[in-house]
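Asker: Sequence and predicted structure are below.
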Amino acid sequence: MSSVKVRSLSSEISAFGVCFSERTFGRVGGMERDVLTEQRTNIKFLVKLGKNGQEILQMLEMVYGESAMKGRTVYKWVDRFKEGREGVDDDARAGLHSTSRVDENIQRVYDLKADRRITTRMTAEKLGISNGSVQTTLTLKTLN
């Protein structure tokens with residue numbers, strides 16, 4: 001990168017107040033969660049200023065150094081903000097279904113598994129929960 005371009009990016013960064021703080025609230029994939037949120041906020045801001053993905057990536061690398069998001073991730077967030085996304089937090093991820101561990105379902109697992117001919121998979125299908133949830137429920141009962 002030429003020194004003129006670096007100077008230009010530096011002046012833009014300071015002029016628009018892209019900031020960096022050293023606060024931390026936990027790690028995600030080797031990077032501080034707060035730094036990720038901060039970078040996404042900066043990406044959103046720079047997209048609104050009309051910057052393209054390459055310019056934004058260069059600015060983030062200048063400010064965050066080795067802690068900057070990888071290019072692919074920056075471009076993904078640039079696209080999201082260009083499409084109108086407002087939030088900077090991660091999307092909710094699929095995980096253990098919230099109803100799979102309620103007391104009612106736990107009791108229903110035990111009731112169904114009282115008949116030893118019913119498999120774990122059949123129990124899961126009948127209750128509409130994952131096979132792993134049934135296995136976990138049964139394992140927890142044997143541990144107690």
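Answerer: Received the coordinates, thanks. Numbering: from 1, shown residues only.

Asker: Within the helices and strands, which one has the residue nearest to residue 118 when sequence neighbours are not counted?
Answerer: Excluding its sequence neighbours, the residue lying closest to residue 118 (CB to CB, 6 or more residues apart in numbering) is residue 112, at 5.4 Å. No exception for glycine: its C-beta is placed from N, CA and C like everyone else's. Using DSSP states H and E, residue 112 falls within helix 103-113.

Asker: Counting neighbours, which bits of the helix or strand just after that helix end up buried?
Answerer: Heading C-terminal from helix 103-113, the first helix or strand you meet, by DSSP H and E, is helix 120-127. The neighbour-count check on helix 120-127 (16 or more other CB atoms under 10 Å) flags 120, 123-124, 127 as buried.

Asker: Need the mean per-residue confidence for helix 120-127.
Answerer: Across helix 120-127, the average pLDDT comes to 88.

Asker: what do you get for stretch 62-76?
Answerer: Here the average pLDDT along stretch 62-76 is 93.

Asker: One more: stretch 137-144?
Answerer: For stretch 137-144, mean pLDDT rounds to 68.

Asker: number of nearby residues for the residue nearest to residue 121 when sequence neighbours are not counted?
Answerer: Leaving aside its chain neighbours, residue 121 sits nearest to residue 131 (5.5 Å; criterion: CB to CB, 6+ apart). Neighbours of residue 131 under the rule other CB atoms under 10 Å: 14.

Asker: Quick check, pLDDT for residue 131.
Answerer: On the pLDDT scale, residue 131 gets 85.

Asker: any idea how far it is from residue 123?
Answerer: Separation of residue 131 from residue 123 (CB to CB, to the nearest Å): 8 Å.

Asker: Appreciated, that's everything.
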